[in-house]
Structures are given as C-alpha cells and as structure tokens.
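> sequence below, structure please.
(chains A and B)
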Protein chains: 2
Amino acid sequence: MEKRLPADLGRPSAEAVKASEKLPLVLVLDSIRSALNVGSIFRTADAFAVERLVLCGITACPPHREIHKTALGSVETVAWSYSPDVVQALQGLRSEGYRVLAVEQVTTSVALHEFRPEAGARYAFILGNEVSGVSEAALAHCDGALEIPQFGAKHSLNVAVAAGIATWEFVRKHRLAGK
Amino acid sequence: MEKRLPADLGRPSAEAVKASEKLPLVLVLDSIRSALNVGSIFRTADAFAVERLVLCGITACPPHREIHKTALGSVETVAWSYSPDVVQALQGLRSEGYRVLAVEQVTTSVALHEFRPEAGARYAFILGNEVSGVSEAALAHCDGALEIPQFGAKHSLNVAVAAGIATWEFVRKHRLAGK
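Here you go, the predicted structure:
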C-alpha cells in the first residue's frame, strides 16, 4: 500500500478545473465569522467541484491572510461572489431557479441521508454563523432545511465540517449515485 | 420553519452520552499539528458517538486552550487516550480485533462510498498530518485505506473535514442503513 504521488492523482490544472463540469450546488455562507472556516470551505468547494460560493454579511472574503492559509490555493479555482445582504442573495438564487436549503436544525428539517435531490434541479445550501447558525431572516427565504443526524451531548458540528458532510452527501447522490 | 430550541434537540447529558451505545469506530490521529483541527474532531466524535479517539505522536492533547476553544465541551464527553507511537497504537487496536483503515490516497484505496463495513466488525480510521498525511510507518500497519473521491485541482481536504466526512459515511452505513 503506497501513497499515490501528486502526479498520479490526476489533478487537473486550475484552468481545467474552472472550465470543467461543476456540481449543481452553490454554498451560501451566512455571516461565518472565522476566516479559517471560510478557507476550509473553499478547499472543500474545490475538492467537490462546487459551482460557486456566495459569501454574505460579515463572512470574510479573499484576499485575506487566514483564508489563504487554510484554502491552500483553492481561492484561485473556486468561483465566488460577495453579497452583503443574505436575503437578497437568496432571492437572487431562487429567481434563477435554485432550491435553497438551510443546513440547520429546524422544526421541519429533513435528515441529510433522506434528502433526495431532484434530477436536473440546482441547489443552494446555506451554512450559518458559528454561534447563531443560519439567521432567521435567511430561514424565511429557504425552501426547506437539511439536518445532519447527531447522537452526542452537543448537537453541534464545526461549520466547515458540516459544509463538508452536506456537500459530500450531495456528491454521493448526484455524481456517484448507483456507484 | 423555526429553529429547534436546545431543549427540543433531545440532547442527552454528558453522563448519559458516556454511557450510551457508541459507534464501533475509533479515530486515530497520526501527528495532527493543529490543535484547532483536534478540537473540531473531538466535536465530530461527540456528534456521531465515536467510541474513542487515540491521539498519537505530536497530536496536541487536552487540556489545551485551542482544543477547548473548538471542541466546545466535547472533551468531556468523548473517550480518548494518548499513544506516543502510532505503530504501537495500531498494533494494539489490531490485536483487539479492530480493522484498521487509513483515510488516505494510496495505490490500493477503496472509494469511500464503496466501503461496506462488515456486520459486527469494529473499525479504526487513521487521519494523518496536515502536510504529510498518514505516515508510511502507520500505513505499513493498516488493513487497507479509504479515499474520499475528489474532482478539483487540489485533491486535498482539511483533515477535520475529511474526518467528518469519513465518520458520517460510517454512521450512514452502520447506524442509518436502510433508513
């Protein structure tokens, strides 16, 4: 069992990645305070070929030393935009036809493993602030919510970890379905 | 769509969590440099009721300010031990009957979504250093490896995100199978 060398990993160039087919998934970051979390989410977005990130509210934007420290180059390969007002961002996405889902523990959440993306549909997942979660204002403009089932005392995951798990689940069902 | 209040989340007490049924999964941290990543993995281990963590080599251990900052109390609910030598830790786990799998990109990796845990078996997943990954010494003592499929330019995820995704996949297949 030997490690695969970088040349064996079949990594495409930054240009090829930008032009390649993306997952029909946008991640909306609703006032994520930690630039380290933002950088880690950029890295996840690169790994899973997320369509783009929409950074909202107080979410730190590139260029930013701590984002670059954890994003490890993925700021160059992932499309992103900044929108000060998360509600406007969600209204824009919905008018473009995206299904907007909060990753949040709400009364009507669907358990993540029971989520069935509709064929041909495009989705936006909203990840919320480290302390307060997805804002009430944003929740009012969502089509629904996904909840990651948890079994511990804290019922809480780091937001970059939650983004990774939700995106992986989407990859599994959209890109790896039946495999 | 309203947020569920902490009282509605059905969070058990720290004592109840310690006594409750755990996932038959141990996470081995092979010289993880960042205490923030270690804290985030503690939080994931609480959320998914991981059996225990084995911290090895240079991995920071509690009590540690930065672990506590990101672990948010989960240091109190997750069983853990420290083992200076990762190889000894893996030998111990294998002698106890655990199947030891590296989360790593190696020549013989199985894609994460194709992993089928054996009924009744207990597993240990090894997560490696942020720069060098799972050490060659540790790889020599693994039963196999799991790889998270990736489609970007970087072929790399933050280690706490990778731990979260691999653990979620185990939860799905072990605890939520058929649901």
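
> got the contact list for the nearest residue to A:Val103 once chain neighbours are set aside?
Among residues not flanking A:Val103 along the chain, A:Ala166 sits closest, at 5.0 Å (Cβ to Cβ, 6 or more residues apart in numbering or on different chains). Heads up, the C-betas are built off the backbone N, CA and C, glycines and all. Residues near A:Ala166 by Cβ atoms under 8 Å, 6 or more residues apart in numbering or on different chains: A:103, A:112, A:125, A:127, A:146, A:148.

> how much space between the first one and chain B?
Applying Cβ to the nearest Cβ, to the nearest Å, one obtains 12 Å for the distance of A:Val103 from chain B.

> that's a strand at A:Glu51, yeah?
Yes - assignment of A:Glu51 by DSSP: H, G, I helix; E, B strand; the rest coil places it within a strand.

> can you list the contacts of A:Ala166 in TSV and add neighbour count?
Shown next, in TSV, are these (neighbours: other Cβ atoms under 10 Å in any protein chain shown):
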residue	neighbour count
A:Val103	25
A:Leu112	20
A:Phe125	25
A:Leu127	26
A:Leu146	25
A:Ile148	24
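
> looking at these, which is nearest chain B?
Relative to chain B, the closest of those is A:Ile148; by Cβ to the nearest Cβ it sits at 7.2 Å.

> surely A:Val87 and A:His141 touch.
Yes - at 5.6 Å, A:Val87 counts as touching A:His141 under the criterion of Cβ atoms under 8 Å.

> tell me which of those two has more neighbours.
The neighbour count for A:Val87 versus A:His141, taken as other Cβ atoms under 10 Å in any protein chain shown, is higher for A:His141 (18 against 15).

> what strand or helix carries the more buried one?
A:His141 is located outside every helix and strand, with elements delineated by DSSP states H and E.

> I'd assumed A:Ala89 was in contact with it.
No - judged on Cβ under 8 Å, A:His141 makes no contact with A:Ala89 at a distance of 9.0 Å.

> who touches the one helix or strand A:Leu25 maps to?
For A:Leu25, the host element (DSSP H and E) is strand A:23-30. If you take Cβ under 8 Å, 6+ apart as the criterion, strand A:23-30 is touched by A:38, A:41, A:45, A:48-57, A:59, A:86, A:89-90, A:93, A:98, A:100, A:121-129, A:134-135, A:138, A:163, A:167, A:170-171, A:174-175.

> partner strands of that strand, with direction?
When sheet partners are counted by DSSP bridges, strand A:23-30 sits next to strand A:50-56 (parallel), strand A:123-128 (parallel).
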